[in-house]
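Colleague: kindly return the folded structure for what I paste below:
(one chain, ligands or ions: 1)
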Amino acid sequence: MKTRALTADVQIPYLGFGTYLIADDAVAAAVEEAIRAGYRHIDTAEAYQNESGVGAGIEAGLEAAGLARRDLFVTTKLWPGNPAWGQPAKTTESTVAALGESLVRLRLDYVDLYLIHAPFERDQRLAQWRGLVELREQGKARAIGVSNFGIKHIEELKAAGLPTPAANQIELHPWSQKPELARYLDDSGITPIAYSSLVPLATWRTAAGQHSAKTDQMKADGERADAPFRVMARKYGVSEAQLLLRWAVQKGYPVLPKSTHPDRIRRNADIFGFTVDDEDMAAIERMDRGDGVAWAMGDPTKAP
Ligand SMILES: NC(=O)c1ccc[n+]([C@@H]2O[C@H](COP(=O)([O-])OP(=O)(O)OC[C@H]3O[C@@H](n4cnc5c(N)ncnc54)[C@H](OP(=O)(O)O)[C@@H]3O)[C@@H](O)[C@H]2O)c1
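Modeller: Numbering: from 1, shown residues only. Below is the predicted model:
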C-alpha cells in the first residue's frame, strides 16, 4: 500500500475508505468489504454516529484478511460542538473524554489519527487542540490534526506556541482546489487529506437528505456525455471516479472514497496502475471553481 509520511514515525496510506452517510447498521459490512478489497485506512467521526458499526467492520475485516491492528490506519474526529447550532463547545477535558468514548465504540486502544472536525468555536479552539496534544502524549492518538481549518485557524494554533497539526482534512477535488491553502499546508509540512473527491460525478450524493451545495450548473456539467473527466477517463481506460482519485494521489493527497456498493468499493481502490499525464494534470488545474460544496452551510474553511 502506498503511503505518505504524516509524522517522523507515522505513515498514512494514500487510499482510505470514507464512511460518512453510511448508517451504523450498514457500515460494518462496507468496512469489512473495503478491508477485503485492500483498503488499509478507514475514516470515521463521532458526528457520523457509526463508530460502533465501523469498529465491528474493522474487527471482521482484519479477521477475514488475516491482518493485525497495526496493519490498519484508523482516523476519527472530535465533534467540537457548535454554539451557533445550540451545542456546547467541548473543553480540553470533554475533548479528552470524547476520544475515550470513541475508542470504546470503535473497540480500539488507539487511533492512528485524531482530528478536530471543524473550526467552529473560536473561544474553545485552542482548548480543544490542547486536548488533542494530551491524547497524543497518552498514546491514544498516534498523530493529531485538524479538518476544515483555513490558514487563519492554523495560524492561531501556531501563535499560541502549540504543536502544528500533522494533517488538515479538507474538501479537495478539481472543482475546489484551494490553491492558497494547499500551498500553505505544503510550506508548513501539514499533510492535506482530500475528502469528497467524487463531487464532479453525476452520482455524488444523489439520495434524499444527503448534504450537497452543488449548483444546478455543476449537476448539469456532471451529466454531460462530453464531461471532461469522462473524456479523460476513457483515454486511460478507467472510470471517472478512478480518474478523480488518481488526480488527488498524484497531487500528494490521501483520498477517502465512500461507497456502499461492493463493486464500486473495489474499483475505487484500483488507482495505482495508471498515471494522469502532465497535459491532463495541467488541464485539470484550470478547472477550479472555488469553494467546496460538501457542507450545506458553505465551505467551513471560511469560518470566522
Ligand atoms: N472532514 C469532513 O468534514 C468531511 C466531509 C465530507 C466527507 N468526509 C470524509 O470523506 C469521505 C468521502 O467524502 P464523501 O462521502 O463526501 O464523498 P465521495 O467519496 O467523494 O463520494 C461518495 C458519493 O459518490 C458515489 N460513488 C462512490 N463511488 C462511485 C463510483 N465508483 N461511481 C459512481 N459513484 C460513486 C457514492 O454513492 P454510493 O455510496 O451509492 O456508491 C456517494 O454518493 C466521507 O465518507 C468522510 O469519511 C469528511
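Colleague: C-alpha from now on. contacts and neighbour counts both.
Modeller: Will do.
Colleague: and the contacts of the helix or strand harbouring Asp186?
Modeller: Assigned by DSSP states H and E, Asp186 belongs to helix 179-188. Helix 179-188 is contacted from outside by 150-151, 168, 191-192, using C-alpha atoms under 8 Å, 6 or more residues apart in numbering.
Colleague: mind doing that once more with 10 Å?
Modeller: For helix 179-188, contacts defined as C-alpha atoms under 10 Å, 6 or more residues apart in numbering pick out 149-152, 154, 164-168, 170, 172, 190-192, 251-253, 285, 288, 290, 301.
Colleague: just the buried ones from those residues?
Modeller: Among the contacts of helix 179-188, those scoring as buried are 149-150, 154, 164-168, 170, 172, 190-192, 252-253, 301 (criterion: 16 or more other C-alpha atoms under 10 Å).
Colleague: out of the contacts of helix 179-188, which sit inside strands?
Modeller: If you go by DSSP state E, the contacts of helix 179-188 have 167-168, 170, 191-192 in strands.
Colleague: closest one to the ligand out of the residues you listed, please.
Modeller: Taking C-alpha to the nearest ligand atom as the measure, the ligand lies nearest Ile170 of the ones in strands among the contacts of helix 179-188, at 6.1 Å.
Colleague: tell me the contacts of Asp9?
Modeller: Contacts of Asp9 (C-alpha under 10 Å, 6+ apart): 142-143.
Colleague: so which of the buried ones among the contacts of helix 179-188 sits lowest on pLDDT?
Modeller: Ranked by pLDDT, the buried ones among the contacts of helix 179-188 bottom out at Thr301 (92).
Colleague: who's in contact with that one?
Modeller: By C-alpha under 10 Å, 6+ apart, Thr301 lies in contact with 118-120, 147-153, 170-171, 178, 181, 291-292.
Colleague: so Lys251 sits against Met281, correct?
Modeller: Yes: counting by C-alpha atoms under 10 Å, Met281 is a contact partner of Lys251 at 9.1 Å.
Colleague: and the helices in the protein?
Modeller: If DSSP state H is used as the criterion, the helices of the chain fall at 24-36, 51-65, 92-106, 122-137, 151-159, 179-188, 216-223, 228-236, 240-251, 262-268, 278-285.
Colleague: which of those comes out lowest on mean pLDDT?
Modeller: helix 216-223 (a mean of 90).
Colleague: so, in contact with the ligand or not, it?
Modeller: No: using C-alpha under 6 Å from any ligand atom, helix 216-223 stays clear of the ligand, coming no nearer than 11.2 Å.
Colleague: and the residue most central in space within the chain, how close does it get to Val104?
Modeller: Centroid check for the chain by C-alpha atoms, centre = their mean gives Tyr195 as the closest residue, at 4.2 Å. Distance, Tyr195 to Val104, by C-alpha to C-alpha, to the nearest Å: 25 Å.
Colleague: go ahead and confirm Asp109 touches Gly100.
Modeller: Yes: assessed by C-alpha under 10 Å, Asp109 is found in contact with Gly100 at 8.9 Å.
Colleague: so what sits against both of the two?
Modeller: Lys140.
Colleague: which of the two has more residues huddled nearby?
Modeller: Comparing Asp109 with Gly100 by other C-alpha atoms under 10 Å, the one with more neighbours is Gly100, at 17 against 12.
Colleague: tell me the contacts of the more buried one?
Modeller: Counting by C-alpha under 10 Å, 6+ apart, Gly100 makes contact with 94, 106, 108-110, 135, 140.
Colleague: quick one, which of those residues are buried?
Modeller: Buried subset of the contacts of Gly100 (neighbour count, 16+ other C-alpha under 10 Å): 94, 106, 108, 110, 135, 140.
Colleague: which residues does Thr91 contact?
Modeller: Taking C-alpha under 10 Å, 6+ apart as the criterion, Thr91 is in contact with 80-81, 97, 123-131.
Colleague: next one: it from Leu132, what distance?
Modeller: 11 Å.
Colleague: give the residues shared as contacts by those two.
Modeller: Contact criterion C-alpha under 10 Å, 6+ apart; residues shared by Thr91 and Leu132: Leu126.
Colleague: leaving out sequence neighbours, find the closest residue to the residue of the stretch 51-200 of the chain found nearest the ligand.
Modeller: For the stretch 51-200 of the chain, the residue closest to the ligand is Ser196, as judged by C-alpha to the nearest ligand atom, at 3.1 Å. Counting by C-alpha to C-alpha, 6 or more residues apart in numbering, Glu171 is the residue found nearest to Ser196 once chain neighbours are left out, at 5.8 Å.
Colleague: same check, this time on Glu134
Modeller: Of all residues not flanking Glu134 in the chain, Val96 sits nearest, at 7.6 Å (C-alpha to C-alpha, 6+ apart).
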